[in-house]
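Undergrad: here is a sequence together with a model predicted from it:
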Amino acid sequence: KFEEFPLPQMLTSSMEEVVLQSKVICGTSSDTIAEMLTGSMAAPAPQAITAAEEGLKSMDCFTTSGELTALGRACASIPVQPNVAKMLLLAGAFRCLRQAAVVAAFLSVKNPFQQSPNQSGGGRSQDSSRKKIGKDYFNKGYAS
């Protein structure tokens, strides 16, 4: 059964990506961006915004004062999470872009076998009535 309304994209994507894109678009201070994000209809937790800003500072996308760096602008121009974008930029500098692109592709795809928290069947009981997930779903006995 599907939910009536899905979660907003801002709450399902990486907060680092949301904060970085907001900084590029608005170009204002970190406090203004935090106010804008917490004032939205699908407001993330203020702690998540602060953690995202600290993560972007540790990746050198923001200066210690919260200003956007050249690396941050370059990471924002690549449509993946900032840590993956930084990896791709550094891989280009070290001439190992092909291998890094493979890793980036795997990191950018969500896990197809992950269950959402509201689904039942998360336990590991050996009951035959449990819902088949992962490799059990594909093992339907055709080869036996």
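TA: Yep, it's here.
Undergrad: for the helix or strand where Lys23 lies, buried residues please.
TA: Using DSSP states H and E, Lys23 maps to helix 15-26. Residues 15-20, 22-23 are the ones in helix 15-26 that count as buried (16 or more other C-beta atoms under 10 Å). In short, each C-beta sits where N, CA and C put it, glycine included.
Undergrad: ranking helices and strands of the protein by mean pLDDT, which lands last?
TA: Least confident element among the helices and strands of the chain, by mean pLDDT, DSSP states H and E: helix 135-138 (a mean of 51).
Undergrad: now do the helices in the protein.
TA: Here the chain has its helices, by DSSP state H, at 9-12, 15-26, 30-38, 46-58, 70-76, 82-93, 97-108, 135-138.
Undergrad: highest average neighbour count across those?
TA: Using mean count of other C-beta atoms under 10 Å, the stretch among these with the largest mean neighbour count is helix 15-26, at a mean of 19.
Undergrad: so which residues make contact with stretch 30-37?
TA: By C-beta atoms under 8 Å, 6 or more residues apart in numbering, the residues outside stretch 30-37 that reach it are 10, 18-19, 22-23, 26, 43-44, 46, 49-50, 53, 62, 66.
Undergrad: and if we set it to 7 Å?
TA: By C-beta atoms under 7 Å, 6 or more residues apart in numbering, the residues outside stretch 30-37 that reach it are 19, 22-23, 26, 43-44, 46, 49, 53, 66.
Undergrad: what about the protein, any weak spots by pLDDT?
TA: 1-2, 9-13, 111-144 (pLDDT under 70).
Undergrad: which residues does the residue lying closest to Ala51 once chain neighbours are set aside contact?
TA: Using C-beta to C-beta, 6 or more residues apart in numbering and skipping the chain neighbours, the partner closest in space to Ala51 is Met15 (7.0 Å). The contact partners of Met15, taken as C-beta under 7 Å, 6+ apart, are 44, 48-49, 52.
Undergrad: that older thread, now the helix holding Lys23 against helix 46-58, angle please.
TA: On the basis of axes from the mean of the first three to the mean of the last three C-alpha atoms, to 10 degrees, helix 15-26 is oriented at 80 degrees to helix 46-58.
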